[in-house]
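Engineer: Just the structure for this:
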Amino acid sequence: MTIQLGKMNSLVVNEIAYEGAYLTDDSGNGEVFLKKEEMPNGLSVKQEIEVFVFEEQGNLTATTKTPIAQLGDFALLQVTSINAIGAFVDMGIGKELLVPYNEQRPKFELSRSYLVHLYLDKASQRLCGSSNLNKFVKQEATGFKKSQEVSIIVAGRTDLGFKVIVNNEYWGMVFTDQVFKPLFIGQKLQAYVAKLREDGKLDIRLSKPGVAGSNELSDVIYDKLTQENGVIHLGDKSDPIAIKKAFGCSKANFKRAIGHLFKEGKIDLAATKITLVK
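Structural biologist: Below you'll find the predicted structure:
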């Protein structure tokens, strides 16, 4: 295994000196420096250690800190400084990441946070960041099935809903009528494919579809009932906004869930109230 810049690596201690430790991969190729202040107590030669590898002044350097994001990831990162070559964002390791001006969409402002993709610049072989996400996210998806579970990152808000990055690779859309809880840029969630369109676009939903989703919501409602002395002042005639505020779901999904609980004999139903059967 070769040493991977911008990634967590399992490396072996080759030498310990006054200034720090020198690490290599399992084949003995390449060398990475770990500063003395980063060395864990009792570190010894030939010991394996997990580190993040980055470049500092042209040299490969290691840290035992875990970064917010690694090469190939998308993450919400805060701008800490701006100079003549670009903006620098906090990676959570004490080493900032450069986002060149030509990779900023929009132009970065100090102290604000932006969704950034970490990539390896081919010319300089330097780990960099970009908010020009269309360079790294594919417009047309293939191989997805309806109701398939996927991972998403919230990338932006539009008039239709929220643009999301699906499985770290494809664009998707969560339409406004499918949003039943607060979403924010950079948020990572598990979601489900609602539809794969003929043009390759992905429609995404946050809730689990069908019976499985209703059963999951039923469990949430039942747990809430046990916490609220067996009574919740919501029913199938309640205001959809009140239902959304309480359970982050649509009124239709709420009605299916409480209907499931009623059929199981766990609750009694009224127009604007459900009661736990004891």
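Engineer: Mind listing residues that contact stretch 78-96?
Structural biologist: 52, 54, 56, 61, 63, 65-69, 77, 97-101, 103-104, 108-114, 116, 129 (CB atoms under 8 Å, 6 or more residues apart in numbering). Where you see a C-beta, it was placed from the backbone N, CA and C, and this is true even at glycine.
Engineer: where along this structure do the helices fall?
Structural biologist: 210-227, 240-247, 251-263 (DSSP state H).
Engineer: For these, give me TSV that also has mean neighbour count.
Structural biologist: Shown next, in TSV, are those (neighbours: other CB atoms under 10 Å):
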stretch	mean neighbour count
helix 210-227	15
helix 240-247	15
helix 251-263	18
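Engineer: so which of those gets nearest residue 122?
Structural biologist: helix 210-227 (44.2 Å; CB to CB).
Engineer: Just give the closest residue to the most centrally placed residue in the chain, not the sequence neighbours.
Structural biologist: Taking CA atoms, centre = their mean, the centroid of the chain lies closest to residue 188, which sits 2.9 Å from it. Closest residue in space to residue 188, ignoring its immediate chain neighbours: residue 153 at 5.4 Å, by CB to CB, 6 or more residues apart in numbering.
Engineer: For the one you found, give me its contacts.
Structural biologist: So residue 153 contacts 74, 115, 164, 165, 168, 186, 187, 188 (CB under 8 Å, 6+ apart).
Engineer: Which pair in those residues has the greatest spatial separation?
Structural biologist: With CB to CB as the measure, no two of the contacts of residue 153 lie farther apart than 168 and 187, at 14.2 Å.
Engineer: rewinding a little: take the helices of the chain and lay them out in JSON lines including mean pLDDT and distance to residue 194.
Structural biologist: Formatted as JSON lines, these follow (pLDDT from 0 to 100; distance: least, CB to CB, whole Å):
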{"stretch": "helix 210-227", "mean pLDDT": "75", "distance to residue 194": "12"}
{"stretch": "helix 240-247", "mean pLDDT": "85", "distance to residue 194": "18"}
{"stretch": "helix 251-263", "mean pLDDT": "86", "distance to residue 194": "14"}
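Engineer: In CSV: these, plus distance to residue 3.
Structural biologist: CSV is the format used below for the helices of the chain (distance: least, CB to CB, whole Å):
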stretch, distance to residue 3
helix 210-227, 43
helix 240-247, 48
helix 251-263, 49
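Engineer: The closest residue in space to residue 73 that isn't next to it in sequence: neighbouring residues, count only.
Structural biologist: Using CB to CB, 6+ apart and skipping residues adjacent in sequence, the residue nearest residue 73 is residue 118, 5.5 Å away. By other CB atoms under 10 Å, the residues close to residue 118 number 25.
Engineer: which residues pair with residue 118 across the strands?
Structural biologist: Counting by DSSP bridges, residue 118 forms beta bridges with residue 129.
Engineer: who's in contact with it?
Structural biologist: 6, 69, 70, 71, 72, 73, 75, 97, 127, 128, 129.
Engineer: what does residue 181 give?
Structural biologist: Residues in contact with residue 181 (CB under 8 Å, 6+ apart) are 206, 248.
Engineer: Also residue 119?
Structural biologist: Each residue near residue 119 by CB under 8 Å, 6+ apart is listed here: 71, 72, 127, 128, 129, 130, 136.
Engineer: residues in contact with the fifth one?
Structural biologist: I take that to be residue 129. Contacts for residue 129 were tallied using CB under 8 Å, 6+ apart; they are 77, 89, 97, 98, 99, 103, 116, 117, 118, 119.
Engineer: Tabulate the contacts of residue 153 (a markdown table), appending pLDDT.
Structural biologist: Listed next are these as a markdown table, based on pLDDT from 0 to 100:
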| residue | pLDDT |
| --- | --- |
| 74 | 98 |
| 115 | 98 |
| 164 | 98 |
| 165 | 98 |
| 168 | 96 |
| 186 | 97 |
| 187 | 97 |
| 188 | 96 |
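Engineer: In the residues you listed, which residue is surrounded by the most others?
Structural biologist: In terms of neighbours by other CB under 10 Å, the contacts of residue 153 top out with residue 164 at 26 neighbours.
Engineer: I'd assumed residue 154 was in contact with that residue.
Structural biologist: Yes: the criterion here is CB atoms under 8 Å, and residue 164 meets it with residue 154 at 5.6 Å.
Engineer: Settle this for me: residue 176 is touching residue 161, isn't it.
Structural biologist: Yes: between residue 176 and residue 161 there is a contact under CB under 8 Å: 4.5 Å.
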